[in-house]
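*Asks:* I would like to see how this sequence folds:
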Amino acid sequence: MTGRYAELHTRSITDPAGFWGDAAREIDWIKPWDSVLDSSNPPFHRWFTGGLLNTCHNAVDRHVDAGRGDQAAIIYDSPVTDTVQTITYSELRDQTARFAGALRGLGVAKGDRVILYMPMIPQAVVAMLACARLGAIHSVVFGGFAPHELATRINDSKPKAIVTASCGVEGKKVLPYKPMLDAAIEQSDHKPDHVVVFQRPQVTAELVGPRDVDWAAAAAAAEPAECVPVAATDPLYILYTSGTTGQPKGVVRDNGGHAVALKWTMTNMYDIKPGEVFWAASDVGWVVGHSYICYAPLLHGCTTIVFEGKPVGTPDPGTFWRVIEQHKVSALFTAPTAFRAIKREDPKAELVKKYDLSSLRTLFLAGERSDPDTLHWAEDNLKVPVIDHWWQTETGWAISGNPMGIERFKVKYGSATKPLPGWDVRCLDISNNEVNRGDIGAISVKLPLPPGTLMTLWNADQRFVKSYMTDYPGYYQTGDAGFIDDDGYVYIMARTDDIINVAGHRLSTGGMEEVLSGHPDVAECAVIGVADELKGQVPLGFLVLKNGVERDHAVIVKEVVQRVRDEIGPVAAFKLAIVVDRLPKTRSGKILRGTMQKIADSESYKMPATIDDPLILSEISEALQGIGYAKPGMV
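*Replies:* Here you go, the predicted structure:
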């Protein structure tokens, strides 16, 4: 390897302390670290031990101190409420300091937990930063989560206070939050001291004193709070992710390593300069919202967009293009599923042509595999580089990507390009040995993990070790399967659970999805493995067709079966596919393949807490029954 990427990546692996020590100079420290990397207690590696800082100061106050207080920090764009609002860095500092003062007045102090149950409004970001200002540990729970799921997070994190809004707005539907929160607290063993409610004009929540407090009144009466010094290794936040036992896993992120890594990515991964507009079209309830709506853009001195709406239907599939034009967005970061939804509604990209997208330099996709057809559609119509990159809730930032600020590599469709500096990515077999280049294995990361990744799981060190560090000793187990090619490009093909065994052949469902998505009539697809008496498992495809396609479904199915045979071969044993109206997904856009597999195999399943629309599962079940799968009545 030659070039700047090779130089930086090699240094990051052979001299991590030197590499990340240099990167840390971009952050304001109250007290410098004693050690960049402390590996005295593996696998609990710690970054910047002995250092003191405050994340809120680095994200807000220092930009005001540097004379940039009049720059926009947040642009709130809500097509569902017909609202556009700009908040400058000076205004954000004042609002954050006031709300931090309000929380302090309610007894919240350094190390206390605060659950945030918020819609996509600027106050969600203010609340996150206010917690960071005090050294309190925030835990954002996706707004609108059902009471039971919220209750499990209350019991696990034991918050001193919960911050919420009176409602969320989804399309034309107003969703009151307070009744769900009250039900969750009723179910919980732990009871918070206070609930702070931001009243929105669409719904006024009923407050019950003395526990419930009005946000506006509390902030108006509070003295602004200064930034509290915290250790680099102190937790900044807990973010719960699904657990296989049904008990969610509380991923813990630190302050120091997190600030250093995220600031570094804005220059080196995303090629963004301070002052530019960066838009992560996600939600603060997900890791993308934490990292790239709130923290990274603000740490870097950018303008970040808080968007309340959907890629289609608010009001049409041109919403993204309107936002880019109106706010002069330099980079858009979203999930492939958002673009598939737009492409399905506007396959010829007629709406793209109506907007001036000249400010947009790059589109970044992550969250699930980016199929080549969607990448091509975006490239052809937006006329900008489309960069797939791969990361996880646990990692907090990209493991693998095309580092636009370091060295731009040729795009290989289906690959998330190369491991970023800091990531020593290997492809392993079940005996912990590296497989040959091009062979499928378990994608794993040699320890130590770089800064900004998970420290542990909240109050569950042993579960952290068992979940991530046990199956492949010396490595972080990503749970993803794929391969690394001769050029060092990483291909994520599926979760390890989605590698199916067909008559002894290990096959990737992701590879088959890539073939299906290339069919001109297919807008979206999924492939799962279903039980088969003869072969153990066989693949089954689900096809969502583009709007306006009226061809015979049986003919389309026959064509996609032939495509898989032609491109992967008879070994794939791909003979089954059905057309459905839509696929079951999480609210972040991930397809619920595991749940679909359980339905197909007539196994009992638990309704996923993050599902966007539970009714889709009934539709999938009915479709499967039509081809002899999914016995009625299984839940």
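
*Asks:* distance of the nearest residue to residue 316 once chain neighbours are set aside from residue 282?
*Replies:* If the residues on either side of it in the chain are set aside, residue 316 comes closest to residue 351, at 6.7 Å by Cβ to Cβ, 6 or more residues apart in numbering. All C-beta atoms are positioned from the backbone trio N, CA, C, and that covers glycine. Residue 351 sits 22 Å away from residue 282, going by Cβ to Cβ, to the nearest Å.

*Asks:* between the two, which one's more packed in?
*Replies:* A count of neighbours by other Cβ atoms under 10 Å puts residue 282 above the other of residue 351 and residue 282, at 24 against 18.

*Asks:* give the burial count for residue 52, as a bare number.
*Replies:* Neighbourhood size, residue 52 [other Cβ under 10 Å]: 17.

*Asks:* just the pLDDT for it.
*Replies:* Looking at residue 52, its pLDDT stands at 98.

*Asks:* is it true that it touches residue 29?
*Replies:* Yes: using Cβ atoms under 8 Å, residue 52 makes contact with residue 29 at a distance of 6.8 Å.

*Asks:* now name the helix or strand holding the nearest residue to residue 181 once chain neighbours are set aside.
*Replies:* Among residues not flanking residue 181 along the chain, residue 164 sits closest, at 5.4 Å (Cβ to Cβ, 6+ apart). Assessed by DSSP states H and E, residue 164 sits inside strand 161-165.

*Asks:* quick check: phi and psi on residue 20?
*Replies:* phi -80, psi -20 (degrees, to the nearest 10).

*Asks:* and it, how far is that from residue 263?
*Replies:* Separation of residue 20 from residue 263 (Cβ to Cβ): 11 Å.

*Asks:* same check on residue 530?
*Replies:* Distance from residue 530 to residue 263, by Cβ to Cβ: 46 Å.

*Asks:* ok, these two, which is more surrounded?
*Replies:* residue 263 (23 against 19).

*Asks:* isn't that one right up against residue 299?
*Replies:* Yes: between residue 263 and residue 299 a contact is recorded at 4.6 Å, counting by Cβ under 8 Å.

*Asks:* list the residues that contact both of the two?
*Replies:* Taking Cβ atoms under 8 Å, 6 or more residues apart in numbering as the criterion, residue 263 and residue 299 both touch 27, 58.

*Asks:* care to break the chain down by domain?
*Replies:* If you go by automatic domain parsing, the domain ranges for the chain are 4-309+389-425, 503-625.

*Asks:* please identify the most buried of these.
*Replies:* Highest mean neighbour count of the domains of the chain: domain 4-309+389-425, a mean of 21 (counted as mean count of other Cβ atoms under 10 Å).

*Asks:* distance between that domain and the chain's centre?
*Replies:* Centroid separation between domain 4-309+389-425 and its chain, computed with Cα atoms, centre = their mean, to the nearest Å, is 12 Å.

*Asks:* so where do the helices sit in the stretch 251-400 of the chain?
*Replies:* With helices called from DSSP state H, counting those that start in this stretch, the stretch 251-400 of the chain shows them at 256-268, 287-289, 296-299, 319-327, 336-345, 372-382.

*Asks:* again with the stretch 1-150 of the chain
*Replies:* Under DSSP H, counting those that start in this stretch, the stretch 1-150 of the chain gives helices at 4-14, 16-23, 55-56, 62-65, 89-105, 122-134, 147-157.

*Asks:* of those, which shows the lowest average pLDDT?
*Replies:* Note on the helices of the stretch 1-150 of the chain: lowest mean pLDDT is at helix 147-157, with a mean of 91.

*Asks:* and it, what other elements does it pack with?
*Replies:* strand 113-118, strand 137-142, helix 178-187, strand 235-241, strand 249-254 (3 or more Cβ pairs under 8 Å, 6 or more residues apart in numbering; DSSP states H and E).

*Asks:* can you do 10 Å?
*Replies:* Judged by 3 or more Cβ pairs under 10 Å, 6 or more residues apart in numbering; DSSP states H and E, helix 147-157 is in contact with strand 113-118, strand 137-142, strand 161-165, helix 178-187, strand 235-241, strand 249-254.

*Asks:* between strand 235-241 and it, find me the angle.
*Replies:* If you take axes from the mean of the first three to the mean of the last three Cα atoms, to 10 degrees, helix 147-157 sits at 140 degrees to strand 235-241.

*Asks:* the helices of the stretch 1-150 of the chain: which one's closest to residue 514?
*Replies:* Residue 514 lies closest, by Cβ to Cβ, to one member of those: helix 4-14, at 25.9 Å.

*Asks:* can you map out the strands along the stretch 501-635 of the chain?
*Replies:* Per DSSP state E, counting those that start in this stretch, the stretch 501-635 of the chain carries strands over the ranges 505-508, 522-532, 536-545, 576-579.
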